[in-house]
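Colleague: predicted structure and sequence below. I'll ask about it afterward.
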Amino acid sequence: MIQEKGKILDMKLQKVLSVLVILLLFGVESMHAVAQDGNAEAGAQKNAMCQGCHGIPGFRTAYPTVYTVPKLGGQNALYLANALRAYKSGGRTHPGMRAIASALSDQDIADLAAYYSENKKIIVSTEKGTE
C-alpha cells in the first residue's frame with residue numbers, strides 16, 4: 001500500500017513538473033515577444049486609430065458599456081504592449097479594441113507602446129479631462 005501511494009505521488013509530481021516546464025517555455029517565448037524594441041517616432045505615425053478615443057479629453061464611450069476611456073500617455077510600455085496583445089488574441093474582450101489590435105503587427109504594438117510610454121503630456125482621456 002505504501003508503494004502504491006508513492007507511485008501515485010510520483011505520478012502527480014511528474015505531472016506538476018511537466019506543467020511547470022511547459023509554462024516556463026511559454027513564459028520565455030512571451031518574454032521574447034515583450035522585449036521587442038519599439039520606436040516612439042514610428043508609433044507617432046501609427047496612432048490615428050488610438051486618437052479617435054484616447055486623444056479626446058474626458059471621452060466616454062457607450063459601446064459596449066458606458067465608461068471613461070483609459071489614459072495612455074505615460075503608461076508603462078510593457079503594460080501597453082501586453083494589453084494590445086491581449087486584445088489581439090481575445091484575452092481582453094472589448095470589441096472595438098479587438099478589431100483595432102487584430103490589425104497590428106508585433107512591431108506596430110511595440111512602436112505604439114514606446115510612443116505612449118514616452119509621452120506623458122499627450123492628450124489622454126480621463127474622467128476629469130486632459131492630464
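Modeller: Received it, and whenever you're ready, just let me know what you need.
Colleague: which ones are touching the nearest residue to residue 114 once chain neighbours are set aside?
Modeller: Computed as CB to CB, 6 or more residues apart in numbering, the closest residue to residue 114 that is not its neighbour in sequence is residue 38, at 3.0 Å. Where C-beta positions appear, they are placed from N, C-alpha and C, glycine not excepted. Shown in contact with residue 38 (CB atoms under 8 Å, 6 or more residues apart in numbering): 77, 81, 107, 109, 110, 111, 112, 113, 114, 115.
Colleague: backbone torsions only: list them for residue 38.
Modeller: When read as degrees, to the nearest 10, the backbone of residue 38 gives phi -100, psi 160.
Colleague: distance of it from residue 51?
Modeller: Computed as CB to CB, to the nearest Å, the residue 38 to residue 51 distance reads 18 Å.
Colleague: three-state assignment of the residue lying closest to residue 95 once chain neighbours are set aside?
Modeller: Nearest residue to residue 95, sequence neighbours excluded (CB to CB, 6+ apart): residue 64, at 6.3 Å. Following DSSP: H, G, I helix; E, B strand; the rest coil, the label given to residue 64 is coil.
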